[in-house]
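Engineer: coords below, sequence missing:
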């Protein structure tokens with residue numbers, strides 16, 4: 001089907017961003033067929049279905065480089081026992097109890113709800129990291145089915161850890177990686193590991209071997225808290241990144257999440273091996289674990305992406321949080337204006353190219369037809385020179401009206417079309433209290 005998304009303000013992004021007033025994006029099946037002036041596109045594609053984008057800005061769909069769908073049912077839950085006073089206690093008293101309590105249906109619902117929220121926020125591609133020790137085998141299939149039903153793109157993995165059984169989740173990861181193979185542009189697979197302090201050398205080596213043989217990367221939390229660094233030094237005589245590098249977990253397809261408590265020499269390792277780092281500002285603030293030295297990583301040439309770590313599915317809010325946090329952390333109002341949008345709009349697209357083998361994040365002929373169409377009436381002039389100012393201070397508070405992925409309209413007029421949001425939320429409300437009781 002050919003569709004004209006017409007009469008909007010089109011921001012193409014990509015290396016040479018263009019802002020086109022009264023612009024039109026034409027999609028043909030899952031690709032962008034043309035971009036240009038509305039009148040010209042109407043003449044060239046007279047038989048296309050028309051979606052009026054007047055009063056809206058048309059952007060490429062957003063990308064989340066690190067998510068945890070399984071955390072959904074924690075919303076509103078009172079953690080059992082005494083409040084956790086540090087990050088390790090947060091894991092032991094809360095998250096590790098929650099992931100153990102997940103049932104098969106919980107896994108499906110925990111995926112569908114954030115997928116709905118992704119659609120609502122114009123997020124069309126997600127790199128997820130899953131854990132459900134009581135229902136491990138086949139869990140990635142459940143999430144894959146939910147992603148396909150929603151109509152989005154996702155890279156999936158299972159969080160291998162030794163905390164329940166040695167190498168728990170390795171077989172599920174290997175099975176899914178082999179099933180997906182090179183992928184179809186919608187679903188990709190990685191080798192997931194929890195964190196350095198919960199995996200032995202033997203487990204890491206096994207997982208790295210499987211990943212290398214399959215041509216995929218490792219997706220692992222790295223030095224999120226100081227405890228991870230201290231554990232690595234105490235047990236292995238070197239900090240987290242260097243330990244994982246020695247075990248050959250680094251590489252251009254691997255994602256090292258957080259990277260807060262790393263030193264300059266570890267940053268050099270990431271840069272030299274082209275290993276991806278992913279920043280999750282709201283989660284780091286929520287867990288009080290520290291601030292990633294983002295500007296230093298970027299200066300070193302590390303490819304740093306932006307994720308939510310399960311906190312939300314709203315990438316624009318994560319972008320502005322990054323902007324504000326690093327101005328405060330550096331006590332310098334001159335920084336992060338360029339860097340925060342770079343993570344979201346450029347680096348996340350490059351990360352996905354390594355994962356999916358396709359180039360997202362740009363509205364151009366031949367590119368994938370993934371769009372976020374947002375209500376926005378600019379109160380000041382808007383063009384290529386000041387687009388970032390509108391992004392940070394205007395669009396971040398605007399509402400997504402229409403979301404398109406692979407050329408399919410998943411939300412139109414703020415109504416979700418691919419999933420039954422009301423039914424899914426109602427069923428989740430039934431099951432969540434039962435899951436809480438199992439903690």
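Structural biologist: In hand now; what should we look at? All figures in this text were calculated on a predicted structure; none of them were measured in a lab.

Engineer: list the contacts of residue 118.
Structural biologist: By C-beta atoms under 8 Å, 6 or more residues apart in numbering, the contact list for residue 118 reads 64, 124, 126, 150, 152, 313. (Each C-beta comes from the backbone N, C-alpha and C, glycine too.)

Engineer: doesn't residue 153 make contact with the third one?
Structural biologist: If I follow you right, that is residue 126. Yes. At 7.3 Å, residue 126 and residue 153 qualify as touching, with contact defined as C-beta atoms under 8 Å.

Engineer: circling back: out of the contacts of residue 118, list just those in strands.
Structural biologist: In strands, judged by DSSP state E, the following of these are found: 64, 124, 126.

Engineer: need the contacts of residue 118 in TSV (columns: neighbour count and distance to residue 111).
Structural biologist: Below are these laid out as TSV (neighbours: other C-beta atoms under 10 Å; distance: C-beta to C-beta, whole Å):
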residue	neighbour count	distance to residue 111
64	30	13
124	28	15
126	28	10
150	23	8
152	26	10
313	25	12
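
Engineer: quick one: contacts for the most centrally placed residue in the chain?
Structural biologist: By C-alpha atoms, centre = their mean, the chain has its centre lying nearest to residue 64, at 2.1 Å. Listed by C-beta under 8 Å, 6+ apart, the contact partners of residue 64 are 118, 123, 125-127, 306-308, 313, 315, 348.

Engineer: leaving out sequence neighbours, find the closest residue to residue 39.
Structural biologist: In this structure, residue 39 finds its nearest non-sequential neighbour in residue 22, 7.9 Å apart by C-beta to C-beta, 6 or more residues apart in numbering.

Engineer: cool, and residue 436?
Structural biologist: Taking C-beta to C-beta, 6+ apart, and ignoring the residues beside it in sequence, residue 436 has residue 77 as its nearest neighbour in space, at 5.3 Å.

Engineer: same deal with residue 61?
Structural biologist: Distances taken as C-beta to C-beta, 6+ apart place residue 124 nearest to residue 61, at 3.0 Å, with adjacent residues excluded.

Engineer: quick check: the one you found touching residue 373?
Structural biologist: No. Counting by C-beta under 8 Å, residue 124 stays clear of residue 373, with 11.5 Å between them.

Engineer: need the residues touching each of these two.
Structural biologist: Applying C-beta under 8 Å, 6+ apart, one finds that residue 124 and residue 373 are jointly contacted by 403-404.

Engineer: as TSV, the contacts of residue 118 with pLDDT would be great.
Structural biologist: Below are the contacts of residue 118 laid out as TSV (pLDDT from 0 to 100):
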residue	pLDDT
64	98
124	98
126	98
150	98
152	98
313	98
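
Engineer: and the residues you listed as TSV, adding distance to residue 281?
Structural biologist: Output for the contacts of residue 118, formatted as TSV (distance: C-beta to C-beta, whole Å):
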residue	distance to residue 281
64	13
124	21
126	17
150	26
152	23
313	15
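
Engineer: on that earlier part again, please enumerate the shared neighbours of residue 126 and residue 153.
Structural biologist: The contact lists of residue 126 and residue 153 share residue 147, where a contact means C-beta under 8 Å, 6+ apart.

Engineer: not counting sequence-adjacent ones, nearest residue to residue 111?
Structural biologist: When the adjacent residues along the chain are set aside, residue 111 lies closest to residue 146, with 3.9 Å between them (C-beta to C-beta, 6+ apart).

Engineer: going on from the helix or strand that contains residue 172, what's the next piece of helix or strand?
Structural biologist: Under the criterion DSSP states H and E, the helix or strand holding residue 172 is helix 170-180. With elements assigned by DSSP H and E, the helix or strand that comes after helix 170-180 is strand 187-189.

Engineer: remind me what that next one packs against, helices and strands.
Structural biologist: Other elements packing on strand 187-189 under the criterion 3 or more C-beta pairs under 8 Å, 6 or more residues apart in numbering; DSSP states H and E are helix 139-150, strand 153-156, helix 170-180.

Engineer: what about residue 346, which SS state?
Structural biologist: helix (DSSP: H, G, I helix; E, B strand; the rest coil).

Engineer: is it true that residue 96 touches residue 168?
Structural biologist: No. With contacts counted by C-beta under 8 Å, residue 96 stays clear of residue 168, the gap being 11.8 Å.
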